[in-house]
Structures are given as C-alpha cells and as structure tokens.
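Colleague: Below is the sequence, then the predicted model.
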Amino acid sequence: GLRSVENNPVLPEWIKELPEPACALLIDSRHNDQAELNKQRETIEKEMKKFNVIRDIPFTQDARVYKMLWNIRKGMFPAVGAVRETGTTVIIEDVAVPLPKMAEVVVKLQGIFDKYNYSEALIFGHALMGNCHFVFTQRFDSQAEIDRYSAFMEDVAQLIAVDYGGSLKAEHGTGRNMTPFVELEWGKQGYNLMQQIKKIFDPNAILNPGVIINEDPNAHVTHLKVLPPAHPIVDKCIECGFCEPLCPSKNLTLTPRQRITTWREISRLRQNANSDSDVRRLRNLEAAFGYLGEKTCAATGLCAVQCPVGINTGKLIHHVRAVNAKGWHVRFARTIANNFALFRSTATLGLRVASLAQATIGVGTVAAISRGMGFISGGLIPTYGKFMPHGVSGSLPTVKAAASASAAAATGPAKVVYWPTCVSMTMGASIQNEDQRNSMNSTTNLLAKAGFDVVYPKNPGALCCGQPWGSLGFHANGNDKLSELNKALLEASENGKYPVVCDTSPCALRADPKFEGRGVVDDRIQVYDQAQFAHKFLLDRLTIKKSSEPLALHITCSTQKQGLDNAMKAVAEAISSKVVIPAEVTCCGFAGSKGFTQPELNAAALKTLNAAIEGCGTGMSNSRTCEIGLTRMSGITYDSIFHHLDRQSLPKSQSAP
C-alpha cells in the first residue's frame, strides 16, 4: 500500500526508504474544543511512544494538508488501477478479523498473495475495526487465470472464516464473489436458516438473485466481467465511481463512469459483433450514445479532479467528436478559425439585434423564432431567453491608472497585459441587469483603480484561446488559435516580463502553460484568471467596503482544476461577510455553449441551486457564460469577480465607498 503512494508530493522522501514489513497508521482525532483536542493529541503521542515507530509525520490542523493526507488514503484502491495492464480487472475485497489477530492476518494474507503471484496487490483498511481491504488485478481471458483466481479465493476464505473466525465481508455487501463461501463462514445450520428465510420472503428468487444465497459453488468464476480496451484515455478506469458526484449530467443522462462503460461495450462490439443481435445492440448503443454520452457531456474535465488516476472523460468525448466531425462541419470550423474577427463581430451584431427585438416584440416571440432557427440550423443558433446578453458595443476601453501613491508603492508589477477574451468582447450584460457595464468596462476600471498601466495584445478582436474548437473535436484549429494567442501575449508581455490577466477562467486555464497550454504557450507567459490575479495583486491595492449581504459564490470547473478554490474564496470573503457556496453544485453544466444548445444540462446541474442560496441577493463567478446560466436558473444576477470588486472598492489612498 505504501509503495503505491510513495511518490505523492505531500509525503516525505523517507517513505521510499521504509522496510518491506512496515505499515502506516493515519490517525484522525477530532473535538469541538481546541483545548480538548490538544489533550487528545498529547495522549495519542504518548501512547505511540510505546511502539516501535520508525518515522512519523506530525499532527496538523492545516485543512489543505489534512485533505491531502486523506486523499492519499482514499486513493490507494484506485492506485492499483493506475498501473494495471489493459484488459485486467481490479478486484477489491474487505474482510474483518478479531483486532488482536489483525497483524498476523495481514502477514498471512501477504503470504497468500506471494503464493499466487499477485505481486501488485496492496492491503489497507480500518485498524480500529480489524477491517482489511485488499486490492489486486486479475485477467479472466484464460482458464489458467480463472483457476489461479479460484484457488486464491479458496485460500483467503479458509484463512479468514475458518483459521481466524473472521468475517468474509466487513462493511460491504456479500456480492457474487463471496457467495460460494457463505456456508463455510456461517456453518451448514446457519446457512440453512438463511435459505429458509429467503424462501419465505422471496419464493421466486427475484430479489437480488444469486447474491448471498447461491447454489452454484463456482458463482465467483462464472459470468465474469472483463474490461476490454476502449481508448488509451480511459483504459485505466476501474469503474470505482469516484467521479460521479461531480458530474453535471449525473441526474440527466450518464456519469463519467457510465460513459466509459458504455464506450467499452461499443468498442467490444465493434471488434466482436458475431451475431445479428450483437450488430443490433451495437447500432442501438451508438445511436443512444450520441445524446446520452456525447451531447450532454459538459466535457470540462472536472471528473479528472476527483478521479484518483486523473482520467478526464471529457477528453474521450472530445475524441468522439473529432472522429464524428466530417464534411461541411470541418470546413465550417476552419472558415471560422481563419476569419474569427469577422465571425465574432457577426455574433456580436446578432446579439444586439436580438436585444433590440426583445425590447420591441417581447422575449417570448424572440425565443420562439430562435427555437425555430435553432432547429433549422441543427443547433448552431442558440435559443434566446430573457437572460441572454447584449452584444458588446463600442471600442476597447481606454485605461488611465489612478494617481494613488499607495498603489504606486505597492508590491508587484506596475504594468499588466489585459487579454479581453472573445466571450467578454462579444457578450455584455443581459437586459435584466441593473448594471449594464460589460466585463471589459469593470476590468479596466478596476485595474486603473489599483494603479496599473494596462496594455492590450494586438488585434484582440481576432484572438481566441481555441477552446470552442478543441471542445468540439477540431483540435488542429484550436491549437492554431492558441498558437496565435501565444504570439500576441508574448509580444504584449515583453516575453513574459508582465503578467497577463484574463477575464474568463476557462480561457485562462486553456492558455496557461502549466496546464492546458503546455507545449503550445511559451513558459515565460504568466496567465492569471480573475480569482488568482485579484488575490495576488488587487486586494492590497484597493480599499474595499465589505458588504453584509450574503453572496452566492460559484467556483468554476477551471478554477477547481487550477487549484484556485481558496484564492477565490478569499476574494469573496473580502467582498462579503457571508459567502455561500452551494455544497451540491460542482460544474454548472453551461460548458461554454452547452447552456445555449442543451439547456437541460444546465438545468439538471443547477437543480439544487435555489435552495442552497436562499437569502442571497447576488452571485459571483469568473466566467461570463457560467454567469448567464447561473443567473437564468437562480433568478439572481451573477456577476464577475472584477465586477463586484469594482463596485465595492476605491484606490487604496481613498476611503471605502
């Protein structure tokens, strides 16, 4: 188990030097009183001195370190999956033995692993409960492998149930893997009682058939599930389901795990559809996957944050979209990329016309017309609603830094490159907003207050990070646009001398050379999204009047992927004395354009939002499209971080507003 996590950066180097028999205890002590908690810690430390402790990591109350240590423990099970060979299946079992015998059992379990050559197996568990989990990988593609597995399970059952009087299942359901050994553990008389009870309540054996009560002594080696190769992006998936709680489509269509399992079956059938029924099944799955798997996948990659082996199911969907992109779709994508300034201007004009029509003939009529046009265009034209943005009008705002001595003396750069994204240059405030300023207005005004000299990259209206193409599977076009952006930012920042601030978090992630920009964007370029830039450079340069009104905060997928959650929270807490972060809202499901073309995904992802932010009069995020969806689904206005900071701040030398 320790070997599987020894390279985790939070662990000290000496972990790698521990002897083979070493084991580790993760001790979690809690109390609602700090003094009592200190006493508990002292007692534990005193008791631990009675044992042969090789090395230790000090107790910590740092929430970040605490979380990382627990994540290491939770990641042991999937860590096996990260190194397993494609085509093998991950097996996990949990047993329990009398606590005084636990150490002996662990040693003997290791002996059984060695006997059957399961060299990659690991053991972990819950020490206070005498509970052991063990995990290993197994092939089921030959009779020899099946026989090896069967003999191994028989030895384990004998060791736990007979030799040590333990339980073959500790905290999870029996499952088909242990059903042949239930009688061994409970005895013939006990097993007969179970059979009689089962017959009384379920005479036709229709409730969970074959689990616990199963007459087949070989149930654990029949109907075996295999994990066939599907795609290198997801072949390491062991279907643990850790990703599922974060997925915005989990209550609408499929989760990442379900997308992977479905794609595995499609891949298997494409290789081995040997009958008419197989062919029909393949065609049905392919047809269903179009909507259930592809169209309703946000593909933001938040699942990779939770996945212990870092699988981004969104990348699989990008691959599927790339394979499906043919004919006029490819030509259309290339044409837009090569004429992006014209396309963006056209989109902006379209939004202005729609806003004018909304004011003239009403939002209901405009929505009906847009639905019809969306149907005719195959979803290219989005459905219009009352929360849709105005088209941005006018030229780029000019910036004059505030004459603030304290701002001039502040630490950090005196100049900053402001990269207004295509989203911010196209989409302004919605007609419902009281504050009709667009993102560029509030950003430049805020930077001026903070005493920055602001420069723009050349021809910003033609620039794009390439995210729209990449997410639709047009990777070459997306990388071309990112390369263009790289050249413009490198020149504007004087080869990375000055930081680049980006007003849209997904674009910042895409252009960051440490993240999705790796290999395309020059390493010298420092790209900051709103949360990171505000936290690092703005809070100390501004006089901020903290509001007592509750503020709903949405932390975008890209912010989470960059690990900027705490920075965003800190900025929100500088703005409001009561920050509300909905616990069940992860990805908002808007996903750039999905909120326009698949609004049901946005609605499903934000189903619990209203109840969670009750009492909040305003919201904050750092992506314009996410803010549109959040506003639409909540009824309160979500604005950007810079928008809120600008409203509630003055230059440092002046009094709070």
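Modeller: Looks like it arrived, so ask away.

Colleague: going forward, measure contacts between C-alpha atoms and count neighbours the same way
Modeller: Will do.

Colleague: residues contacting residue 602?
Modeller: Under the criterion of CA atoms under 8 Å, 6 or more residues apart in numbering, the neighbours of residue 602 are 248, 588, 589, 590, 594, 595, 629.

Colleague: In helices, which of the residues you listed appear?
Modeller: With helices identified by DSSP state H, the entries of the contacts of residue 602 that belong to them are 594, 595, 629.

Colleague: Show residues contacting stretch 433-440.
Modeller: Contacts to stretch 433-440, defined as CA under 8 Å, 6+ apart, come from residues 392, 396-397, 420, 424-425, 427-430, 503, 637, 640, 642-643.

Colleague: Below-threshold pLDDT in the protein: ranges please.
Modeller: Counting by pLDDT under 70, the low-confidence segments of the chain come to 10, 377-380, 401-412, 654-657.

Colleague: Mind doing that once more with 50?
Modeller: Counting by pLDDT under 50, the chain has low-confidence residues at 405-409.

Colleague: mind checking how far residue 93 is from residue 112?
Modeller: Residue 93 sits at a distance of 14 Å from residue 112 (criterion: CA to CA, to the nearest Å).

Colleague: hmm, I was thinking of residue 640
Modeller: Computed with CA to CA, the distance linking residue 640 and residue 112 is 58 Å.

Colleague: Between these two, which is the more surrounded one?
Modeller: Under the criterion of other CA atoms under 10 Å, the comparison of residue 640 against residue 112 puts residue 640 first, with 24 against 17.

Colleague: Let me know whether residue 520 touches residue 510 as I believe.
Modeller: No. Counting by CA atoms under 8 Å, no contact exists between residue 520 and residue 510, whose distance comes to 10.1 Å.

Colleague: okay, those two: which has more neighbours?
Modeller: Between residue 520 and residue 510, counted using other CA under 10 Å, residue 510 has the larger neighbour count: 21 against 17.

Colleague: Count the neighbours of the closest residue to the more buried one other than its chain neighbours for me.
Modeller: Once flanking residues are discounted, residue 510 sits nearest to residue 516: 4.7 Å by CA to CA, 6 or more residues apart in numbering. A count of nearby residues for residue 516, using other CA under 10 Å, gives 16.

Colleague: what's the answer for the one 5 residues further on, then?
Modeller: Residue 521 is flanked by 25 other residues according to other CA under 10 Å.

Colleague: Residue 94 in helix, strand or coil?
Modeller: For residue 94, the secondary-structure state derived from DSSP: H, G, I helix; E, B strand; the rest coil is strand.

Colleague: Report the beta-bridge partners for it.
Modeller: Under DSSP bridges, the beta-bridge partners of residue 94 are residue 133.

Colleague: For it, list the residues it contacts.
Modeller: Contact criterion CA under 8 Å, 6+ apart gives 131, 132, 133, 134, 168, 169, 170, 171, 172 as the residues in contact with residue 94.

Colleague: Quickly list the domain ranges of the chain.
Modeller: The record assigns the chain these domain ranges, following the TED database: 1-83, 84-227, 256-324, 335-651.

Colleague: Distance across the first one, terminal residue to terminal residue?
Modeller: Between the opening and closing residues of domain 1-83 there is a gap of 13 Å (CA to CA).
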